[in-house]
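Participant: give me the fold of what follows.
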Amino acid sequence: MPLSTAARSVRGSAIRDLLALTSRPEVISLAGGLPAADLMPRERIAAAAAAALAHPASIQYGETAGLPALRVVLAAHETARCRREITDVVVTTGSQQALDLVARAVLDPGDAVVVEDPAYVGALQVFQAAGAALHPVPLDGDGLRVDVLEDHLRDGLRPRLVHTVSTFHNPRGVTLSPQRRVRLAGLAERYGFTVVEDDPYGLLAFDGAPPLPVAAHSDRVVRLGSASKVLAPALRVGWLSGPPGLLAAVELLKQCTDLCTSSLTQAIAADLLADTAFLDAHLSGVRAATASRAHAFTTAVARHLPGVTCSAPTGGMFCWLELPGVDTTALLPRALEHGVGFVPGGAFAVEAPQPHAIRCCYASHPEPVIHEAVRRLARAAT
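Facilitator: So this is what the prediction gives:
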């Protein structure tokens, strides 16, 4: 059967392709961005599910924009983080759906979109499916090189969207500095583009709060959020906040996609997110445990992989490694033979090929397993 141009234009996700290989019991996977199952609040989720199931509405179709009780909680959550009034949100089936709906609402084929390089793979897939013209901008230790973006704008680039994972970047692990956030917001105002601030990791800061969101500095920002990394991915609850006209368009497009997000999982998420005592204690535990795992990973890299450059995580789930002179795509099959998996940097490349880089997720495993994974990686690399 002939496929559409959109279907033919989307490249596969190397991360999803790796899941079958890394799911083998003998392989320690550092590949998928999987939050730790042992840190998920299963008992609290079970209690919330039982409470939700006492109400028939929890197993019925719901409003396309989301369960009103959940939208109120999320609007308050976003207002507290942005320090500006958020009056409404649209609930989505994961934040990936939110990104897809924004692209469908805003982009026509050929429209310019600025992406980070290396980039979040899911964003590349969405923008490729939309037929966008991708314009990569590099990252450094302070996040998106906003100065490079400004040079492109002065040279005539007029993007419809600029996409950024501004806090604890996937895959690079870096965070956009406060100064660059202000500057990016100012450029959006001056040149009339929309910033898509993709923020699934912002609540996972190890020491103190991350900088104010870009949305705190401009109304030309669409924020995407997710319960996957802080509660459980299986809830499939994401959301977006932004200009009312965009939210209205997203709601219409969502009707074409899935009619509504699961009423049951929305009710569970609303219960957990509204319980501030539970949520604060839960997040505190997740942050402490994940910080310990990040430290274990970077310590093991320093010990077993001398000469390898490793990012220093301050939150989130990922480390970015540079292995000088090593073709990491060729290394991956050897690593799997040694019982460890990772994602080669080329999977995230837009313009710069990233042949010597790998992305590792340290969040999924306890410290002893992390140490063993790095030892296996070192043996494979020698």
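Participant: quick one: the helices in this protein, in order.
Facilitator: Assigned by DSSP state H, the chain shows helices spanning 5-9, 14-22, 42-53, 68-82, 95-106, 121-129, 146-154, 178-191, 244-257, 263-274, 276-304, 328-337, 367-381.
Participant: let me have those helices in TSV, extended by mean neighbour count and distance to residue 113.
Facilitator: In this view, the C-beta of every residue, glycine as well, is placed from N, C-alpha and C. Formatted as TSV, these follow (neighbours: other CB atoms under 10 Å; distance: least, CB to CB, whole Å):
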stretch	mean neighbour count	distance to residue 113
helix 5-9	11	13
helix 14-22	15	21
helix 42-53	15	36
helix 68-82	18	23
helix 95-106	23	8
helix 121-129	22	5
helix 146-154	16	12
helix 178-191	18	14
helix 244-257	16	15
helix 263-274	23	30
helix 276-304	16	31
helix 328-337	17	26
helix 367-381	19	34
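Participant: quick one: which of those is nearest residue 205?
Facilitator: helix 276-304 (6.8 Å; CB to CB).
Participant: go ahead and confirm residue 349 touches residue 116.
Facilitator: No. Shown here, residue 349 and residue 116 do not form a contact pair, counting by CB atoms under 8 Å, at 11.2 Å.
Participant: okay, the two: which has more neighbours?
Facilitator: residue 116 (29 against 17; other CB atoms under 10 Å).
Participant: re earlier: of all the helices of the chain, which one is nearest residue 215?
Facilitator: Of those, nearest to residue 215 by CB to CB is helix 68-82, at 4.8 Å.
Participant: run the chain-centre distance for that closest one.
Facilitator: Distance of helix 68-82 from its chain centroid, counting by CA atoms, centre = their mean, to the nearest Å, is 19 Å.
Participant: okay, the angle between that helix and helix 263-274?
Facilitator: Angle of helix 68-82 versus helix 263-274, following axes from the mean of the first three to the mean of the last three CA atoms, to 10 degrees, is 40 degrees.
Participant: tell me the angle helix 68-82 makes with helix 276-304.
Facilitator: Orientation check (the same axes, to 10 degrees): helix 68-82 against helix 276-304 gives 60 degrees.
Participant: got a list of contacts for helix 68-82?
Facilitator: The contact list for helix 68-82, computed with CB atoms under 8 Å, 6 or more residues apart in numbering, reads 65, 85-91, 202, 212-213, 215-216, 223, 225, 237, 239, 241, 266-267, 269-270, 273-274.
Participant: repeat that for 6 Å
Facilitator: 85-86, 89, 91, 213, 215-216, 239, 241, 266, 269-270, 273-274 (CB atoms under 6 Å, 6 or more residues apart in numbering).
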